[in-house]
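Novice: build the 3D model from these lines:
(chains A and B)
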2 protein chains.
Amino acid sequence: MKDKALQRLTHLHREHKGLINIMPLQTGGLLTEAAKEALIEFGDGYSVCDFCLGRLSDIAKPPAKEFVHDLLPQFLGSDVATVVHGAREAIFTVIHSLAQPGDTIVVDSNRHYTTVVAAERVGLNIVEVPHSGYPEFKVDVDRYEDLIQQYDPRLLLLTYPDGSYGNLPDAQRTGEIAQAHGVPYILNGAYAVGRMPVKMDEIGADFIVGSGHKSMASAGPCGVLGMKKKWEERVLRTSKSYKNKEIELLGCTVRGVPLATLMASFPDVIERVCHWGEQVAKAQWFSAEMEKLGFKQLGEKPHLHDLLYFETLQLYEISQHVRERGYFFYKELKNRGIWGPQPGLTKAFKVSTFAADRQQLTSVLDSCKAILRKYS
Amino acid sequence: MKDKALQRLTHLHREHKGLINIMPLQTGGLLTEAAKEALIEFGDGYSVCDFCLGRLSDIAKPPAKEFVHDLLPQFLGSDVATVVHGAREAIFTVIHSLAQPGDTIVVDSNRHYTTVVAAERVGLNIVEVPHSGYPEFKVDVDRYEDLIQQYDPRLLLLTYPDGSYGNLPDAQRTGEIAQAHGVPYILNGAYAVGRMPVKMDEIGADFIVGSGHKSMASAGPCGVLGMKKKWEERVLRTSKSYKNKEIELLGCTVRGVPLATLMASFPDVIERVCHWGEQVAKAQWFSAEMEKLGFKQLGEKPHLHDLLYFETLQLYEISQHVRERGYFFYKELKNRGIWGPQPGLTKAFKVSTFAADRQQLTSVLDSCKAILRKYS
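Specialist: Okay, here's the model as predicted:
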């Protein structure tokens, strides 16, 4: 095998370590100090399984059992919970259990691409509740009602918030509609659970899905799935041959270090959810300051989440005249100690204000100002 | 939420850290020094995705692209490879792609429980090639031929070696049978790939499955899947709506730190496979020494793998007369700095000699001797 290729593997480094992080996929997944300890402690292969008696969610040391069966359902507002590889795997698990090939499900049009792919993997048809289009891209959840009557779906799914605009559609109203029509309802809270207060029972959903690496200060990949008691027998059904092995989980899912970090971060995650109001205020302030620079925030206004989408045509204009083309903005930010917008994008991009404090965000704003000035 | 329960999460510690490790699930998953660095470097959530352009296996920094598309297929002897959450998920992915509910697959009777559960998840019937029973539990792979003629299966699966006895059935002969009958053949190498030389093309398999946390010095969970070119279109088929997203992988699988450790350990893993002969000699020596103590090694003899199963009736006898019952042996070993046999077991247990050197294994043998003497 090529020596050089192998050599490249021996010292893997991140270029973005230590920078101000406004990258939307990453701001909710930065490890807490406790999680960093757990990462090292449980880094070796199957370390979390030292005291396994046959089921990951029943391990007493580290206290996975208490975490999965007691703490997590309380946190999610669900009757039952389990841990999974991530939000997409949770969604696949639920729809694979509840729907048959050829069935239809109704989802919001701001859904993550993995919702579509998970449905394809099961062989389902997808019908989408439309959004309002530019500039707010809002989903009117009352439209679920028409589509239920038209398509007789096996499931509804709502993305709360969506990963593009950070819009928060009316999840509770969706719950009322789902219940009125007796259609099971999945809330995809990959960017909600672990960032903001959200309880499955208060929303009236049947399932709630969260992401450890996206929003619960955990190493990737891992996620959580909460559900009503009545679905446990179906979604967490066990093998005919192995009575303690859940078929949809293939026995055990996140059998490694991400689970240790998820658990270690959990006390801090519970705490940070209580400060969500401050996060929203910070996001709104940042959005307003970006607009003062001439950028335009798309998605809901006033904005209620740290995920923000900006249209930045001035940057695109600059990119047309510089050697690095679209990459100039990424490089300029990186030189100023900032990591966030996807390299290459200048017309529009997403950021998240979740992990940066106001001082750091001021530095982002000053940097944008300086970059605009430099090329004007 | 209960303060005490939350407090238990803030300092997660492993009781078995630093002990001589002969625990069969763990000896192949101990991180290399390079992997320990990568663990810390890529611990935060979605760190490996800094430079993602839409597909995990195409990321250039860290060099996932080169690893997945170039190094891994060479190592596996496959045309194509990908990374997955683990061996069980790889098996599910393949059978979900190739078989329909109601179809039959033929597997060896020493298969891991997850093979059965994965088949149940797809809705398949399983037919098993029997083993020879006590004491060797050998699988005569020629029996695949009869079962193919009888059941017209969609797939064959062989576990190489099995996780109980560490038996190595004739994988190459199975390949000949599979090819002669045109039945796709999965080699489950969860305890082979990364420990011993094994190449899919030399064996004549269609698919090869490996486990990062079990045998490739990687954090858990993660795994690898190699296949012949002709299956790529089917197993790695992409979404109709998202042309670069593989349906069976739900877009991306191991999108986090386990992938970083898998890559960082890879050069050492390639190297250690070259020393497999020494591992086998060490296992055979250890087995012979254990038998001198009156224990009986089950499974193939002479043994060709570091996974060893011992029948230890003297220990069981002792357990009937001591306060800790079956746990006495675990405690006695732990007090002597050794971690391996599952807590509670004394009649028979599995160990692995892969990670311990001869000096450490001598300490295990001396400890067994001392424990037998203490209670005699």
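Novice: shaky segments in the stretch 1-150 of chain A?
Specialist: For the stretch 1-150 of chain A, no stretch has pLDDT under 70.
Novice: where do the helices sit along the stretch 201-350 of chain A?
Specialist: A:212-215, A:229-235, A:257-273, A:276-292, A:313-319, A:327-335 (DSSP state H, counting those that start in this stretch).
Novice: deepest-packed of the ones you listed, please.
Specialist: Comparing those by mean neighbour count (mean count of other C-beta atoms under 10 Å in any protein chain shown), helix A:212-215 ranks first with a mean of 30. Backbone N, C-alpha and C define where each C-beta goes, glycine included.
Novice: hmm, it in reach of chain B?
Specialist: Yes - residues of helix A:212-215 are located near chain B by C-beta under 8 Å from any C-beta of the partner chain, namely A:G212, A:H213, A:K214.
Novice: need the three-state assignment for A:L158.
Specialist: Assigned with DSSP: H, G, I helix; E, B strand; the rest coil, A:L158 falls in the strand class.
Novice: tell me the bridge partners for it.
Specialist: A:L187 (DSSP bridges).
Novice: now the helices of the stretch 201-350 of chain A as a markdown table including mean pLDDT?
Specialist: Output for those, formatted as a markdown table (pLDDT from 0 to 100):
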| stretch | mean pLDDT |
| --- | --- |
| helix A:212-215 | 98 |
| helix A:229-235 | 98 |
| helix A:257-273 | 98 |
| helix A:276-292 | 98 |
| helix A:313-319 | 97 |
| helix A:327-335 | 97 |
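Novice: out of those helices, which comes closest to A:F75?
Specialist: Closest to A:F75 of the helices of the stretch 201-350 of chain A is helix A:257-273 (C-beta to C-beta; 6.5 Å).
Novice: is chain B within reach of that closest one?
Specialist: Yes - for helix A:257-273, a contact with chain B is found by C-beta under 8 Å from any C-beta, at A:V257, A:P258, A:A260, A:T261, A:M263, A:A264, A:F266, A:P267, A:I270.
Novice: quick one: A:G210 from B:H85, how far?
Specialist: According to C-beta to C-beta, to the nearest Å, A:G210 and B:H85 sit 18 Å apart.
Novice: please identify which of these two sits among more neighbours.
Specialist: Between A:G210 and B:H85, A:G210 has the larger neighbour count (other C-beta atoms under 10 Å in any protein chain shown), namely 33 against 30.
Novice: gap between that one and chain B?
Specialist: 13 Å (C-beta to the nearest C-beta, to the nearest Å).
Novice: and what of A:Y309?
Specialist: 18 Å.
Novice: what's the answer for A:P135, then?
Specialist: Distance, A:P135 to chain B, by C-beta to the nearest C-beta: 24 Å.
Novice: would JSON lines of the helices of the stretch 201-350 of chain A with distance to B:Y330 be doable?
Specialist: Output for the helices of the stretch 201-350 of chain A, formatted as JSON lines (distance: least, C-beta to C-beta, whole Å):
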{"stretch": "helix A:212-215", "distance to B:Y330": "31"}
{"stretch": "helix A:229-235", "distance to B:Y330": "33"}
{"stretch": "helix A:257-273", "distance to B:Y330": "22"}
{"stretch": "helix A:276-292", "distance to B:Y330": "46"}
{"stretch": "helix A:313-319", "distance to B:Y330": "62"}
{"stretch": "helix A:327-335", "distance to B:Y330": "52"}
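Novice: and of those, who's closest to A:V106?
Specialist: helix A:229-235 (18.1 Å).
Novice: for the closest one, list the C-alpha coordinates in CSV.
Specialist: Only the C-alpha atoms of helix A:229-235 are listed here, as CSV (Å, rounded to 0.1, in the frame of the first residue of the first chain):
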residue,chain,number,x,y,z
LYS,A,229,-45.8,3.5,25.7
LYS,A,230,-48.2,2.2,23.1
TRP,A,231,-45.5,2.1,20.4
GLU,A,232,-42.9,0.3,22.5
GLU,A,233,-44.1,-3.2,21.6
ARG,A,234,-44.0,-2.4,17.9
VAL,A,235,-40.9,-0.3,17.5
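Novice: can you list the helices and strands that it packs against?
Specialist: With contacts defined as 3 or more C-beta pairs under 8 Å, 6 or more residues apart in numbering or on different chains; DSSP states H and E, helix A:229-235 has these neighbours: strand A:80-84, helix A:87-98.
Novice: what's it in contact with?
Specialist: Residues from elsewhere that reach helix A:229-235 (C-beta atoms under 8 Å, 6 or more residues apart in numbering or on different chains): A:D79, A:V80, A:T93, A:V94, A:S97, A:L98, A:P184, A:D206, A:F207, A:L225, A:M227, A:E248.
Novice: which of these are buried?
Specialist: Buried subset of the contacts of helix A:229-235 (neighbour count, 16 or more other C-beta atoms under 10 Å in any protein chain shown): A:V80, A:T93, A:V94, A:S97, A:L98, A:P184, A:D206, A:F207, A:L225, A:M227, A:E248.
Novice: okay if I get those as JSON lines plus distance to B:V129?
Specialist: Formatted as JSON lines, the buried ones among the contacts of helix A:229-235 follow (distance: C-beta to C-beta, whole Å):
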{"residue": "A:V80", "distance to B:V129": "38"}
{"residue": "A:T93", "distance to B:V129": "31"}
{"residue": "A:V94", "distance to B:V129": "35"}
{"residue": "A:S97", "distance to B:V129": "31"}
{"residue": "A:L98", "distance to B:V129": "35"}
{"residue": "A:P184", "distance to B:V129": "41"}
{"residue": "A:D206", "distance to B:V129": "42"}
{"residue": "A:F207", "distance to B:V129": "40"}
{"residue": "A:L225", "distance to B:V129": "36"}
{"residue": "A:M227", "distance to B:V129": "38"}
{"residue": "A:E248", "distance to B:V129": "27"}
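Novice: tell me the one of the residues you listed nearest chain B?
Specialist: A:E248 (6.5 Å; C-beta to the nearest C-beta).
Novice: contact partners for the closest one?
Specialist: A:T93, A:H96, A:S97, A:V235, A:L236, A:R237, B:R121.
Novice: let's go with 6 Å and repeat that
Specialist: A:T93, A:S97 (C-beta atoms under 6 Å, 6 or more residues apart in numbering or on different chains).
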